[in-house]
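[1] structure here, sequence nowhere to be found:
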């Protein structure tokens, strides 16, 4: 049976996993979205959200405070991760349509084992029917697909300073397979403008690389548009309308790059992938909810690959305990 609901999980913590020592959670965010909503595009109208700040009962290091903006004096007023929060999470999950799959960026090595460790501390466990996937691995496989252009991009770089970024994102760079080496991608810049849409509109229709999100590139100027309308018969104008009628229904206000495979980011951190896709920074990054929403926005751009990959790679969440 297909996964019906994806629960995007992100944690803010007191630090990184150090050998067998787990950090404590300072904020947990669960943002759930249906399979159908992912197919429709971003932003989903229906989202289920649970965002809870937590008292870790442990001192947050100053450098971590600066990253997360969660300060010791603030979290001391909060409740710790106790049975009430576990029950709240269970009630949240019970409202969702199964099968349910958790998704986290670098979840296998960070979010999932930390989350499960908190539950085990309470002697609580999740149903084995709840699945999980790691979006870091999903994006790694997505960008490893054969490219349409000759050559390939250079190997993802390893970020040297872990505390310059969010823990789970930067930690994900340590999982890079160092044996994978690819030839440097040769980028060919194209500067030729697209011809005005007059009697060549059929050629534009057959051009699969048309920039659907940017009408300015098709109609180069107001004057050329006026000249085209004055000279183009009515039947050809109807053909032009049909071109735009075939556009995808997906709605997104920003500028979209359709061929993400050929624009491989230098690493697979969430913020790097987001920057590569949307040419902007994550809104409210370093907040648990902000990173969940960013994950949803990124996977929605490659919805078909994400859904197929998840169907083949999802495993029970209980398998992600730290050994």
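    Received the coordinates, thanks. The structure presented is a predicted model; accordingly, all values stated were derived computationally and were not measured.
[2] which helix of this protein spans the most residues?
    Ranked by residue count, the top helix of the chain under DSSP state H comes out as helix 288-301.
[3] just the residues contacting that one, thanks.
    Contacts to helix 288-301, defined as Cβ atoms under 8 Å, 6 or more residues apart in numbering, come from residues 8-12, 27-31, 33, 38, 41-44, 49, 51, 103-105, 135, 138-139, 166, 169, 256, 260, 270-271, 273-274, 277-278, 282-285, 306. (Each C-beta comes from the backbone N, C-alpha and C, glycine too.)
[4] what average pLDDT does it get?
    Helix 288-301 shows a mean pLDDT of 96.
[5] which parts of it are buried?
    Within helix 288-301, the residues that count as buried by 16 or more other Cβ atoms under 10 Å are 288-301.
[6] any idea of the pLDDT on residue 42?
    In this prediction residue 42 is given a pLDDT of 85.
[7] so it, which state does it fall into?
    coil (DSSP: H, G, I helix; E, B strand; the rest coil).
[8] next, count neighbours for it.
    20 (other Cβ atoms under 10 Å).
[9] could you do residue 38 as well?
    Neighbour count for residue 38, taken as other Cβ under 10 Å: 20.
[10] just to revisit the earlier point, residues making contact with the helix or strand just after the longest helix of the chain?
    Next helix or strand after helix 288-301 toward the C-terminus (DSSP states H and E): helix 303-313. Helix 303-313 is touched from outside by 2-3, 6, 35, 38-39, 41, 101, 103, 133, 137-138, 141-142, 299, with contacts defined as Cβ under 8 Å, 6+ apart.
[11] mean confidence for the very next helix or strand once past helix 303-313?
    With elements assigned by DSSP H and E, the helix or strand that comes after helix 303-313 is strand 315-316. Averaged across strand 315-316, pLDDT comes to 96.
[12] contacts for strand 315-316 next, please.
    Here strand 315-316 has contacts from 128-133, using Cβ under 8 Å, 6+ apart.
[13] apply 6 Å and report the result again.
    Under the contact criterion Cβ atoms under 6 Å, 6 or more residues apart in numbering, strand 315-316 has outside partners residue 128.
[14] nearest residue to residue 35 in space, please, no chain neighbours.
    Excluding the flanking residues, the one nearest residue 35 by Cβ to Cβ, 6 or more residues apart in numbering is residue 4, at 5.4 Å.
[15] returning to that earlier point: farthest pair within the buried residues of helix 288-301?
    Largest separation among these by Cβ to Cβ: 288 and 301, giving 21.5 Å.
[16] in the protein, which spans are helices?
    For the chain, the helices defined by DSSP H occupy 35-40, 62-68, 72-75, 83-94, 111-121, 135-143, 167-172, 201-205, 222-231, 234-245, 270-278, 288-301, 303-313.
[17] distance to residue 22 added to those helices, as CSV?
    Shown next, in CSV, are the helices of the chain (distance: least, Cβ to Cβ, whole Å):
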stretch, distance to residue 22
helix 35-40, 31
helix 62-68, 15
helix 72-75, 17
helix 83-94, 17
helix 111-121, 5
helix 135-143, 19
helix 167-172, 12
helix 201-205, 56
helix 222-231, 61
helix 234-245, 53
helix 270-278, 21
helix 288-301, 17
helix 303-313, 25
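[18] relative to residue 264, which of these is closest?
    Of all these, helix 135-143 sits nearest to residue 264, with 4.6 Å by Cβ to Cβ.
[19] count of residues packed around residue 265?
    Using other Cβ under 10 Å, the number of residues around residue 265 comes to 19.
[20] for the stretch 51-200 of the chain, which spans come out with low pLDDT?
    Filtered on pLDDT under 70, the stretch 51-200 of the chain yields the residue ranges 148-200.
[21] so residue 30 touches residue 7, yeah?
    Yes - using Cβ atoms under 6 Å, residue 30 makes contact with residue 7 at a distance of 5.4 Å.
[22] most tightly packed of the helices of the chain?
    helix 167-172 (a mean of 25; mean count of other Cβ atoms under 10 Å).
[23] list the residues that contact residue 317.
    102, 126, 130, 132.
[24] from residue 305, how far off is the closest residue to it other than its chain neighbours?
    If the residues on either side of it in the chain are set aside, residue 317 comes closest to residue 132, at 4.1 Å by Cβ to Cβ, 6+ apart. Distance of residue 132 to residue 305, computed by Cβ to Cβ, to the nearest Å: 18 Å.
[25] what does residue 40 give?
    16 Å.
[26] residue 100 too?
    21 Å.
[27] and for residue 10?
    Relative to residue 305, residue 10 is positioned 21 Å away (Cβ to Cβ).
[28] leaving out the residues flanking it, which one is nearest to residue 49?
    For residue 49, ignoring the flanking residues on the chain, the nearest one in space by Cβ to Cβ, 6+ apart is residue 31 at 5.2 Å.
[29] run a quick neighbour tally on that neighbour.
    23.
[30] does it touch residue 10 like I think?
    No - Residue 31 is beyond contact range of residue 10, at 8.2 Å (criterion: Cβ under 6 Å).
[31] skip the chain neighbours and tell me the closest residue to residue 92.
    Residue 92 sits nearest to residue 50 (Cβ to Cβ, 6+ apart), 4.7 Å away.
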